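> model the following, please.
(4 chains)
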Protein chains: 2
Amino acid sequence: MGDVSTGENLLFLTDEQLRQGIEAMFFAYRGFTADPDRILAGMAYGRAHHRAIHFINRAPGTTVNNLLILLGVTKQSLNRVLRTLIEDGLVESRVGTADKRERHLYLTEAGEELEHKLSDAQRARMRAAYRAAGPQAVAGFRQVLEAMMDPEMRRRYHALKESGA
Amino acid sequence: MGDVSTGENLLFLTDEQLRQGIEAMFFAYRGFTADPDRILAGMAYGRAHHRAIHFINRAPGTTVNNLLILLGVTKQSLNRVLRTLIEDGLVESRVGTADKRERHLYLTEAGEELEHKLSDAQRARMRAAYRAAGPQAVAGFRQVLEAMMDPEMRRRYHALKESGA
DNA sequence: CAGCTTAAGTCAGTCTTGTTGACTTTCCAA
DNA sequence: TTGGAAAGTCAACAAGACTGACTTAAGCTG
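Numbering: from 1, shown residues only, chains lettered A, B, ... in the order given. Sure thing, here's the model as predicted:
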């Protein structure tokens, strides 16, 4: 590791530095969600639908219970979103084979099409930011984000990464 | 700058890497807002109140118009939040001297007290994450976040930094 | 196998936070 | 001086979260 991180050079931990980080996080998150939000504004969907679609695409066959933990919402809240997506033919819900209480979720072709449109837009911004900042900055970005997560979410984040790598 | 960023070592721009960044952003933002949310859950306030308090503290005397651009909401939306904060004696609204249409916003002592409680919690998480990741990672983190902002917001972010540095 | 637990879904009601539309007051410039 | 623009306020509505109570179906266990 670098030698800057050791010793007493802790100016990066001043309250002013932390405040700037907080504000950067706030403004960046706005940019982060702006493009998909714009796409969805026309349709009858919102950010909640986007998130559901993202994670169903990412972990096909996930159960409702697993999904609502990933999203951090109640089942009632997720159910409203999921119902419209299923009715509109973007998501398919299959009864589990091993455990018939479970429903496994998959994107239909139409669902995948919307997923692409949304994630293309979001990745484009991400790609531009990554390219502008460079690989070392990106590594640091990822490190700090990980350290900010609640431990349980960090665990689930890693599980997701491994399945998709 | 590093030489890794030049040439054709562009593996950090693969779709899989970008997806992981997107998910990291999502999970980290949840952690980022969790502590203030918990504090506010008891009181009659929410995240919107926190944001207003944060930026009034950061830019005392700001006008309503300036604040709503920073927050990215409509003036009607901000007004509801502001009204309760003023009624409850956390924020003071002074009619402008030069332009009497404007209202300049300040935290009262009670407002500053709540601001401290909220920002202490948020900074504690931020500090732990910064410390765990180290100064180089933090620099990268800030670079990528900046690159993700919309240009107009980046401009306002810098203006804020300079006033508070 | 009877009874508890778990997964999913539903219905009803509430809260926060965003929206649009209509309005007043104030300022400034043609 | 008047007419438009800007700042702020009030009212009504929508999205998306929440809690609480309940049902159905399936699995597990003493």
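
> near chain B at all, stretch A:78-88?
No. Stretch A:78-88 stays clear of chain B (Cβ under 8 Å from any Cβ of the partner chain), getting no nearer than 15.2 Å. (C-beta placed from N, C-alpha, C; glycine too.)

> average pLDDT for that stretch?
Averaging pLDDT along stretch A:78-88 yields 96.

> buried stuff in it?
The neighbour-count check on stretch A:78-88 (16 or more other Cβ atoms under 10 Å in any protein chain shown) flags A:78, A:81-82, A:84-86, A:88 as buried.

> I'd like to know which of those is nearest to DNA strand C.
residue A:82 (6.2 Å; Cβ to the nearest atom of the strand).

> if I've got this straight, that closest one is in a helix?
Yes. Assigned with DSSP: H, G, I helix; E, B strand; the rest coil, residue A:82 falls within a helix.

> I'd guessed it sits against residue A:62; true?
No. If you go by Cβ atoms under 8 Å, residue A:82 and residue A:62 don't touch, sitting 11.4 Å apart.

> now for these two: what residues contact both?
Common neighbours of residue A:82 and residue A:62, counting by Cβ atoms under 8 Å, 6 or more residues apart in numbering or on different chains, are residue A:105.

> and DNA strand C, which of the buried residues of stretch A:78-88 reach it?
The residues of the buried residues of stretch A:78-88 that also fall near DNA strand C, by Cβ under 7 Å from any atom of the strand, are residue A:82.

> and residue A:125, how close does it get to residue A:144?
Residue A:125 sits 19 Å away from residue A:144, going by Cβ to Cβ, to the nearest Å.

> neighbour count winner among the two?
Neighbour tally, residue A:125 and residue A:144, criterion other Cβ atoms under 10 Å in any protein chain shown: the higher count belongs to residue A:144, 27 against 21.

> that one: which element?
In this structure, residue A:144 sits in helix A:135-148 according to DSSP states H and E.

> does chain B have contacts with that helix?
Yes. Using Cβ under 8 Å from any Cβ, helix A:135-148 reaches chain B at A:135-148.

> from the residues you listed, pick the one nearest residue B:11.
Ranked by distance to residue B:11 (Cβ to Cβ), the residues of helix A:135-148 next to chain B are led by residue A:135 at 8.2 Å.

> I figured that closest one hits residue B:17, correct?
No. Using Cβ under 8 Å, residue A:135 is not in contact with residue B:17, being 9.6 Å away.

> follow-up on the earlier one: mind putting the residues of helix A:135-148 next to chain B into a markdown table with pLDDT and distance to DNA strand C?
Listed next are those as a markdown table, based on pLDDT from 0 to 100; distance: Cβ to the nearest atom of the strand, whole Å:
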| residue | pLDDT | distance to DNA strand C |
| --- | --- | --- |
| A:135 | 97 | 34 |
| A:136 | 97 | 34 |
| A:137 | 98 | 29 |
| A:138 | 98 | 29 |
| A:139 | 98 | 32 |
| A:140 | 98 | 29 |
| A:141 | 98 | 25 |
| A:142 | 98 | 27 |
| A:143 | 98 | 29 |
| A:144 | 98 | 24 |
| A:145 | 98 | 22 |
| A:146 | 98 | 26 |
| A:147 | 98 | 26 |
| A:148 | 98 | 20 |
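
> need the strands for chain A, in chain order.
Ranges of strands in chain A, per DSSP state E, are A:62-63, A:91-95, A:103-107.

> and the residue of chain A closest to DNA strand C?
For chain A, Cβ to the nearest atom of the strand, closest residue to DNA strand C: residue A:65, 2.4 Å.

> any idea which helix is longest in chain A?
What stands out as the longest helix in chain A, according to DSSP state H, is helix A:15-42.

> close to chain B, is that one?
Yes. Against chain B, helix A:15-42 shows contacts by Cβ under 8 Å from any Cβ at A:15-32, A:34.

> just give the number of residues close to residue A:107.
Neighbours of residue A:107 under the rule other Cβ under 10 Å: 19.

> partner residues bridging it?
Listed by DSSP bridges, the beta-bridge partners for residue A:107 are residue A:91.

> OK, contacts around it?
Taking Cβ under 8 Å, 6+ apart as the criterion, residue A:107 is in contact with A:53, A:56-57, A:60, A:90-92, A:115.

> how about residue A:39?
A:117-118, A:121 are the contacts of residue A:39 under Cβ under 8 Å, 6+ apart.

> including distance to DNA strand D and mean pLDDT, could the strands of chain A go into JSON lines?
As requested, these are exported to JSON lines (distance: least, Cβ to the nearest atom of the strand, whole Å; pLDDT from 0 to 100):
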{"stretch": "strand A:62-63", "distance to DNA strand D": "13", "mean pLDDT": "96"}
{"stretch": "strand A:91-95", "distance to DNA strand D": "7", "mean pLDDT": "96"}
{"stretch": "strand A:103-107", "distance to DNA strand D": "11", "mean pLDDT": "97"}
